[in-house]
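S.K.: with the sequence up front, the predicted model follows.
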Amino acid sequence: MAFKITITEDADRQLRSLPVRHQRILEAAILSRLENQPTATTNAIKRLRPNPFAEFELRAGNLRVLYNVEEEEVVILIVGLKVGNKLIVEGEEFHGHQDHPAEPPGN
């Protein structure tokens, strides 16, 4: 079964801000890795620790794609570059998981 791949406006803008070579690498990785088995843990696909932002990470060299899988759809949320232990998105360190803290249980 092929999954539908959707890219958010923010992620599309982030992808287009990368050099063309990086864009092509990510586009190929997305199509080859996420179209058929987006939740299968491999060297390229990692399930992230529970957080309110994204459930999975796709790795292509030092490039990263954060995404969720919703039924038969892969929703790409963030595209960036890994530098050391930081994710750089559009030239700035990504702190999205801190910008969207989880709600306390019971709310």
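M.R.: All right, it came through fine. This one's a predicted model, so the numbers in the text were calculated from it and none came from an experiment.

S.K.: any idea how far apart the tips of stretch 33-51 sit?
M.R.: End-to-end distance for stretch 33-51, by CA to CA, to the nearest Å: 22 Å.

S.K.: gap between it and the chain center?
M.R.: Computed by CA atoms, centre = their mean, to the nearest Å, the chain-centroid distance of stretch 33-51 equals 10 Å.

S.K.: ok, longest strand in the chain?
M.R.: Criterion DSSP state E: the longest strand present in the chain is strand 73-83.

S.K.: I'd like the average pLDDT over that one.
M.R.: Here strand 73-83 scores 97 as its mean pLDDT.

S.K.: read off the pLDDT value for Ala40.
M.R.: As predicted, Ala40 sits at a pLDDT of 95.

S.K.: residues near it, how many?
M.R.: Neighbour count for Ala40, taken as other CB atoms under 10 Å: 10. (Glycine included, C-beta is placed from N, CA and C.)

S.K.: what strand or helix carries the spatially most central residue of the chain?
M.R.: Residue closest to the average C-alpha location in the chain (CA atoms, centre = their mean): Leu66, at 1.5 Å. Assigned by DSSP states H and E, Leu66 belongs to strand 63-70.

S.K.: next, the buried residues of that strand.
M.R.: Leu63, Arg64, Val65, Leu66, Tyr67 (16 or more other CB atoms under 10 Å).

S.K.: need phi/psi at the spatially closest residue to Glu93 that is not a sequence neighbour.
M.R.: In space, and not counting its chain neighbours, Glu93 is closest to Lys86: 5.0 Å by CB to CB, 6 or more residues apart in numbering. Here is the backbone geometry of Lys86 (degrees, to the nearest 10): phi -110, psi 140.

S.K.: quick one on the thing from earlier: how about the buried residues of strand 63-70 in a markdown table, adding pLDDT and distance to Thr6?
M.R.: Below are these laid out as a markdown table (pLDDT from 0 to 100; distance: CB to CB, whole Å):
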| residue | pLDDT | distance to Thr6 |
| --- | --- | --- |
| Leu63 | 97 | 19 |
| Arg64 | 97 | 18 |
| Val65 | 97 | 12 |
| Leu66 | 97 | 14 |
| Tyr67 | 97 | 9 |
